[in-house]
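>>> Prediction below, plus the sequence it came from.
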Amino acid sequence: MTERTFGLAQPRYLESASMNGRERMLAALKGKTVDRPPVWMMRQAGRTLPEYRAIRAGRSFLEVMHDPAIASEVTLQPVRRFGLDAAIIFCDILIVPAAMGLNLEFIKGTGPVLGPVLRDAADVAALKTPVAERDYAYLLEALARTKEELAGQTALLGFAGAPLTLASYMIEGGSTRTFTELKSFLFGQPEAAAELFDKLADAVGDLLLAQLAAGADAVQLFDTWAGELSAEDYERFAMPYNRRIIARVRQAGGTIMLFLRNGAHLMDAAIESGASGLALDWRMDVDTIIQRLAEHQDGSAPNVLQGNLDPAALFAPPEQIRERVRRLHATVDGRIAHIMNLGHGLHPNTPLTGIEAFVEAVKELG
């Protein structure tokens, strides 16, 4: 390891594996010394695992999510199989719109469908105000169950969708490639959009704080559709609400990661978001991000990076996966705390051998 620091605090990788997964993850999240980078994967609980498919036989996604015992079991499955350092609770970002009064369905071959869609200020005004302890009771119980099962050996993560991403589903009615309805709403009805984002920021903040109170060690804010806006428009419509959510979590003593998918052009805003750490997608150059972080010397910049292996790389032969992990590790080079992860969620048909090779390669770094 070289002595490059680029002005950042320099975490060191100890020679002996002296930490359990939770200790390793929490230390990395604080920018502290770890024996090796912790490892987990977005979308690690679910469709890639045969044991999950066995549970899903005869059950809908919503049935699994709303049963705390089953949701906890699904959360634990990848930890048992792969020996990961963190579990992320099995749930979905769209529980917030559902709690605000929209009907949520998951249709095979289509994905999530929400309705009635939002079209104007009156639709926004009609949205309900969620009460976290009531409307997400199933999730909070699943977190508590999982926390007990992990017994302090593995970190437990909660999460929520960012206002822009949630608004997209609420306005489009589901997934889209064009985001025409969303952008028409933002640009054509900016006052109604601001009211919607204001409500979503409150609801998301409440949800994240409730997850931390229920046992989550840290939370992640997912803005899956961040890259659909220019830097100027993202700063206008979305980032102020992310900052508000992040500030609430940090002021309550919580740790929060921010993930902006396809957001390389938004990194300056992300660095100044107040988040504890940044999760990077596979399009982002890690070396560039580290150097940009070094330009912020006032202590406000994130102190940990997460990511950013292309999820499709896990379809490669195991030795190629190991080489990619080693290259990523060498790029970080101890200049900042780093959590090994993918640049987005696992693809449903990812081979188990690829996942195993990824996790094993990270453990070999110690």
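The structure has been received and is ready for your questions. Please read these numbers as outputs of a predicted model, since none were measured by experiment. Numbers count the residues shown, from 1 in each chain.
>>> going forward, measure contacts and count neighbours with C-alpha atoms only.
OK.
>>> Any figure for the gap between the residue nearest to L209 when sequence neighbours are not counted and V362?
Nearest non-adjacent residue to L209, counting by C-alpha to C-alpha, 6 or more residues apart in numbering: V249, 6.5 Å away. Per C-alpha to C-alpha, to the nearest Å, V249 is found 30 Å from V362.
>>> Could you count how many residues lie near the residue nearest to L209?
Residues near V249, counting by other C-alpha atoms under 10 Å, number 22.
>>> In terms of secondary structure, what does the host helix or strand of P78 contact?
P78 belongs to helix 68-82 when assigned by DSSP states H and E. When contacts are defined as 3 or more C-alpha pairs under 8 Å, 6 or more residues apart in numbering; DSSP states H and E, helix 68-82 packs onto helix 50-56, helix 61-66, strand 86-88, helix 137-150.
>>> Direction-wise, compare that helix with helix 137-150 and give the angle.
Interaxial angle of helix 68-82 relative to helix 137-150 (axes from the mean of the first three to the mean of the last three C-alpha atoms, to 10 degrees): 40 degrees.
>>> What mean pLDDT does helix 68-82 get?
Averaging pLDDT along helix 68-82 yields 98.
>>> Just put the helices and strands packed on helix 68-82 in a markdown table and tack on distance to N349 and mean neighbour count.
Formatted as a markdown table, the helices and strands packed on helix 68-82 follow (distance: least, C-alpha to C-alpha, whole Å; neighbours: other C-alpha atoms under 10 Å):
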| stretch | distance to N349 | mean neighbour count |
| --- | --- | --- |
| helix 50-56 | 11 | 14 |
| helix 61-66 | 17 | 17 |
| strand 86-88 | 20 | 28 |
| helix 137-150 | 26 | 20 |
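>>> need these in CSV with distance to P311, can you?
Shown next, in CSV, are those (distance: least, C-alpha to C-alpha, whole Å):
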stretch, distance to P311
helix 50-56, 19
helix 61-66, 23
strand 86-88, 17
helix 137-150, 26
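>>> what's the closest of these to M257?
Between M257 and the helices and strands packed on helix 68-82, the tightest spacing by C-alpha to C-alpha is seen for strand 86-88, at 12.7 Å.
>>> next one: that closest one to chain centre, how far?
Remark: strand 86-88 is offset 11 Å from the chain centroid, using C-alpha atoms, centre = their mean, to the nearest Å.
>>> what lines up beside it in the sheet?
Sheet pairing of strand 86-88 (DSSP bridges) gives strand 155-161 (parallel).
>>> A helix includes the residue nearest to L209, no?
Yes: looking at V249 with DSSP: H, G, I helix; E, B strand; the rest coil, it is inside a helix.
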